[in-house]
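Participant: Need coordinates for the below:
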Amino acid sequence: MVSHGSSTGTSTQDDERISVAIVILAAGAGVRMRESGNKLLAEFDGIPLVKRVASSAIESTGDSVQVVIGHSPQAIRYAIGSISVRFIENADYASGLASSLKAALSDEVVAAASGAMIMLADMPLVRSADINRMIEAFLIAGGLSIVRATSRGRNGNPVILPRSLFEEAKAIKGDIGARNIVESSRLDVIEVEIGEAALVDVDTPEQIVAEGGRVMPNT
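Facilitator: This next block holds a predicted model:
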């Protein structure tokens, strides 16, 4: 991971360097997989999906990488291996995606950042170059705008939330993310085209295979 220098845009707080904490949401049980195993352990080019996503984040210009875990935490830790990420445990993961968002934004490292990039751990096509383009857009905007990945005009993920929205995002409940906050916010929303990577996630065995992955059976 390479840390970036100060942005040429207006800083969030005087001369404070604009920073982006990357958050990977990997706590869910993946119920649509049925009895076919944990989707985040499915292999793409021989690499577990969650490690593939974490590697893209680590190789980007983000300032830190956090992985929120809940369901099968030891399996996720083992799959990621020695990659230098921080794990955030979400004991309330069964209540839905919002609980992982709250856990992440309550973390001291994330809370101190100018913005948090929220990544889903089941998106195999998002690469470090995509992440870097989004971070650069956030920096140019002075760390004050929302940055959202798109594909041919369709809204997708990841999304960068500026610190000003953290408290509102932490108040979300249920199995939803920050989409409603993004849509209702009065902040500028910068859209970054990253192609089909913004839309492709894998929730079922069929989707994993369709994207070139291999389902790993439960052990």
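
Participant: which outside residues touch the helix ranked longest in the chain?
Facilitator: Ranked by residue count under DSSP state H, the longest helix found in the chain is helix 128-140. With contact meaning Cβ atoms under 8 Å, 6 or more residues apart in numbering, helix 128-140 is reached by 4, 7-9, 18, 20, 22, 56-57, 59-62, 114-115, 117, 119, 145, 147, 149, 158, 160, 162, 190, 192, 194, 197. C-betas here are computed from N, CA, C, even on glycine.

Participant: Make a PyMOL selection of the buried ones in those residues.
Facilitator: Selection of buried members from the contacts of helix 128-140 for PyMOL, criterion 16 or more other Cβ atoms under 10 Å:
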select buried, resi 4+7+9+18+20+22+56+57+59+60+61+62+114+115+117+119+145+147+149+158+160+162+190+192+194+197
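
Participant: So which of the contacts of helix 128-140 are in helices?
Facilitator: Going by DSSP H, the helices hold 56-57 from the contacts of helix 128-140.

Participant: Next step: the contacts of helix 128-140 restricted to strands.
Facilitator: Judged by DSSP state E, the contacts of helix 128-140 include 20, 22, 115, 117, 119, 147, 149, 158, 160, 162, 190, 192 as members of strands.

Participant: Rounded mean pLDDT for the longest helix of the chain, please.
Facilitator: Mean per-residue pLDDT for helix 128-140: 98.

Participant: again with stretch 85-98
Facilitator: So the average pLDDT for stretch 85-98 ends up being 95.

Participant: List the buried residues for that stretch?
Facilitator: Buried-residue list, stretch 85-98, by 16+ other Cβ under 10 Å: 85, 88, 90, 93, 96-98.

Participant: what's the answer for stretch 186-193, then?
Facilitator: Buried residues in stretch 186-193 (16+ other Cβ under 10 Å): 190-192.

Participant: How about the host helix or strand of E183, which residues are buried there?
Facilitator: According to DSSP states H and E, E183 maps onto helix 179-184. Neighbour counts over helix 179-184 (16+ other Cβ under 10 Å) mark 181-182 as buried.
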